[in-house]
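> fold the following.
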Amino acid sequence: MTVIASSKKFASFLNEEEILKTKSKGSKYKINGVNIRRIKTYLNTQNSSFIIWGLYRNLCDLSPDLIFHHGVSLSSLLIVYAYALVHKEVVVMVDNHADIINQTKK
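Numbers count the residues shown, from 1 in each chain. As a prediction, the model looks like this:
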């Protein structure tokens with residue numbers, strides 16, 4: 001399994017020291033046997049990244065059987081959709097946290 005994530009966004013539960021430690025690992029590393037690829041993103045907001053550099057290339061490199069996309073309102077979903085149009089064998093799944101019932105409680 002490989003997770004592709006932004007090089008600028010990290011889990012909210014990580015403190016600054018943990019984020020710096022994670023950044024020092026570079027753009028490709030493993031956590032508990034899971035491959036992590038961090039790609040450059042631009043025009044970031046608190047919840048979204050609007051320009052995702054290299055996502056399509058990473059998908060082509062990985063040739064996934066299944067893509068699980070986190071969220072429905074991100075521009076990266078358009079890139080995943082474009083990939084799926086060309087690679088008809090891939091299964092795309094999307095979760096949705098836009099509904100208030102499925103959001104993180106603060």
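> now residue 68: closest residue in space, sequence neighbours ignored.
Among residues not flanking residue 68 along the chain, residue 93 sits closest, at 4.9 Å (Cβ to Cβ, 6 or more residues apart in numbering). C-betas here are computed from N, CA, C, even on glycine.
> quick one, what contacts that neighbour?
Shown in contact with residue 93 (Cβ atoms under 8 Å, 6 or more residues apart in numbering): 66, 67, 68, 69.
> of those, select the buried ones using a PyMOL command.
Of these, the buried ones go into a single PyMOL selection, burial set by 16 or more other Cβ atoms under 10 Å:
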select buried, resi 67+69
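> quick one, strands of this structure?
Secondary structure of the chain (DSSP state E): strands at 2-6, 28-31, 34-39, 41-44, 49-52, 66-70, 91-95.
> using CSV, lay out these together with distance to residue 19 and mean pLDDT.
Shown next, in CSV, are the strands of the chain (distance: least, Cβ to Cβ, whole Å; pLDDT from 0 to 100):
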stretch, distance to residue 19, mean pLDDT
strand 2-6, 12, 83
strand 28-31, 14, 86
strand 34-39, 12, 88
strand 41-44, 14, 71
strand 49-52, 16, 66
strand 66-70, 19, 88
strand 91-95, 24, 88
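> residue 17: which of those is closest?
Counting by Cβ to Cβ, residue 17 lies closest to strand 28-31 out of these; the figure is 16.3 Å.
> show me what that closest one is packed against.
If you count contacts as 3 or more Cβ pairs under 8 Å, 6 or more residues apart in numbering; DSSP states H and E, strand 28-31 packs onto strand 34-39.
> centre of the chain to the strand it packs on, how far?
In terms of Cα atoms, centre = their mean, to the nearest Å, the gap separating the centre of strand 34-39 from the centre of its chain is 9 Å.
> buried residues, that strand. List them.
In strand 34-39, counting by 16+ other Cβ under 10 Å, buried: 36, 37, 38, 39.
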